[in-house]
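Novice: Sharing a sequence plus its predicted fold:
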Amino acid sequence: DGDDLYAEITPPEGTDVEGFGLHPALFDASLHVLGAAGDDATARLPFAWSGVALHASGASRVRVRLRALPGGAVSVLITDPLGAPVLTAESLALRELTEAPRAAAQDLYRVEWTEVAPRTGGAAAGTG
């Protein structure tokens, strides 16, 4: 229906999904479905999760349903191809990424180099 987003996700060939509750590539791709909706130009990022449960592990392919909730949140249902739950989340609150945080992030880390002339003469001092 109009408030739901669906996807079927398969990891790249050769990806070993064993040893994970839900392989990070499958989980991440599941959330990328939000961007595929393309209803506006503002990016929305995951902010707060509630009611999260992992029901199974080792899924090599998943189906995803994201259902819109009031207030801009979504519920998350990730199943195996037969429909058995792998991961559920009652609510995932999203926050819009505005220009202000993007601009501020540019100033958080900066690499600055100070040019130093090479030593002349003998070998460098060592501990040797």
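Specialist: Sure, I can see it.
Novice: For Leu54, grab the count of nearby residues.
Specialist: Counted with other Cβ atoms under 10 Å, residues neighbouring Leu54 total 12. Glycine gets a C-beta too; all of them are placed from N, C-alpha and C.
Novice: My guess is Glu96 contacts Leu34. True?
Specialist: No. When contacts are counted by Cβ atoms under 8 Å, Glu96 is not listed as touching Leu34 (11.8 Å).
Novice: If you count surrounding residues, which of those two has more?
Specialist: Counted by other Cβ under 10 Å, Glu96 and Leu34 do not tie: Leu34 has more neighbours, with 19 against 12.
Novice: residues in contact with the more buried one?
Specialist: Residues in contact with Leu34, defined by Cβ atoms under 8 Å, 6 or more residues apart in numbering, are 5, 44, 66, 74, 94.
Novice: bridging residues for the second one?
Specialist: The reference is to Arg44. Glu96 (DSSP bridges).
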